[in-house]
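**Student:** Take a look and give me a structure for this.
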Amino acid sequence: MDEAIAMPSLGRARRIWLYLPPDYQGSRRRYPVIYMQDGQNLFDRATSYAGEWQVDETLNRLAAAGDPGAIVVGIDNGGENRTAEYHPVLPWSGLLGQANAYISFLTDTLKPLIDRRFRTKSDRLHTIIMGASSGATLALYAGIMRPDIFGRVGAFSTPLWLNPRLDQLARTKKPYRRGARVFLVSGRDERVGNEAKGIFAKDQPAMVEALIHVGYKPKRDIRSRIVEDGTHSERFWASEFEGVYRFLTG
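**Tutor:** Next up is the predicted model:
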């Protein structure tokens, strides 16, 4: 969509990708919008640094089978700033991250621009945020902090052991609003770097319990998948994308 959209809250610019449903040009319909992190990896192997999610191929296939579709906005990560932008508190150092400023960019700059320029369903129940790994931290944090904007959240392989503990934050902030949905997915033995095997799955039940405690209903509002052979990879997240998409837009 743009090679360098200004991010006033961060003092940077960022490339933004846009996927429009196949029938967009020939219809007058309005569509839900999915805001996805790590835009480099969503649509094209040539621009990715770790493989692609095949978001466009998946949504085109579903559209051909009758799915009403969605607009996808992919925000490139900030390279050396990625960890800071996706976390409210930096892992390991404990210093403040830039997640709040990044969310301000999404809510105050990018979403208003998308809603002005494209035929969107702009309400919270049709505004979805997704991410994987640190991007999942950002997505889940945004859903907790701004439930008035992001009514539906897809979090793939969230490092839930980091501070602030998002299950505890959810209990404090009480983000549930009628119609909200959250999908959490991780691999049973998933790991990254030198972390223990299964570390992503270990705290997922506590996150689900916290969401239920503040009003989300099991099955209706929350889906939680722990996949036997899930790995910390774009290949795994690509394989799970369709199920998450169907639940959050259904």
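
**Student:** Quick check: chain neighbours aside, which residue is closest to the residue nearest the centre of the chain?
**Tutor:** Residue closest to the mean C-alpha point of the chain, counted by CA atoms, centre = their mean, is Met130 at 1.2 Å. Closest residue in space to Met130, ignoring its immediate chain neighbours: Gly154 at 3.8 Å, by CB to CB, 6 or more residues apart in numbering. Where C-beta positions appear, they are placed from N, C-alpha and C, glycine not excepted.

**Student:** Strands along the protein, start to end?
**Tutor:** Taking DSSP state E, the strands of the chain run over residues 2-7, 12-19, 33-37, 71-75, 127-132, 152-156, 181-187, 222-227.

**Student:** Just checking: what are the partner strands of the fourth one?
**Tutor:** Spelled out, it's strand 71-75. strand 12-19 (antiparallel), strand 33-37 (parallel) (DSSP bridges).

**Student:** Serialize these to a markdown table and add fields for mean neighbour count and distance to Arg235.
**Tutor:** Formatted as a markdown table, those follow (neighbours: other CB atoms under 10 Å; distance: least, CB to CB, whole Å):
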| stretch | mean neighbour count | distance to Arg235 |
| --- | --- | --- |
| strand 12-19 | 18 | 20 |
| strand 33-37 | 25 | 16 |
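
**Student:** what residues are up against Val182?
**Tutor:** Val182 is in contact with Leu140, Gly143, Arg152, Val153, Gly154, Ala155, Leu211, Tyr216, Asp221, Ile222, Arg223, counting by CB atoms under 8 Å, 6 or more residues apart in numbering.

**Student:** Can you list the low-confidence ranges for the protein?
**Tutor:** Along the chain, segments meeting pLDDT under 70 span 48-50.

**Student:** what comes up buried for stretch 176-184?
**Tutor:** Tyr176, Ala180, Arg181, Val182, Phe183, Leu184 (16 or more other CB atoms under 10 Å).
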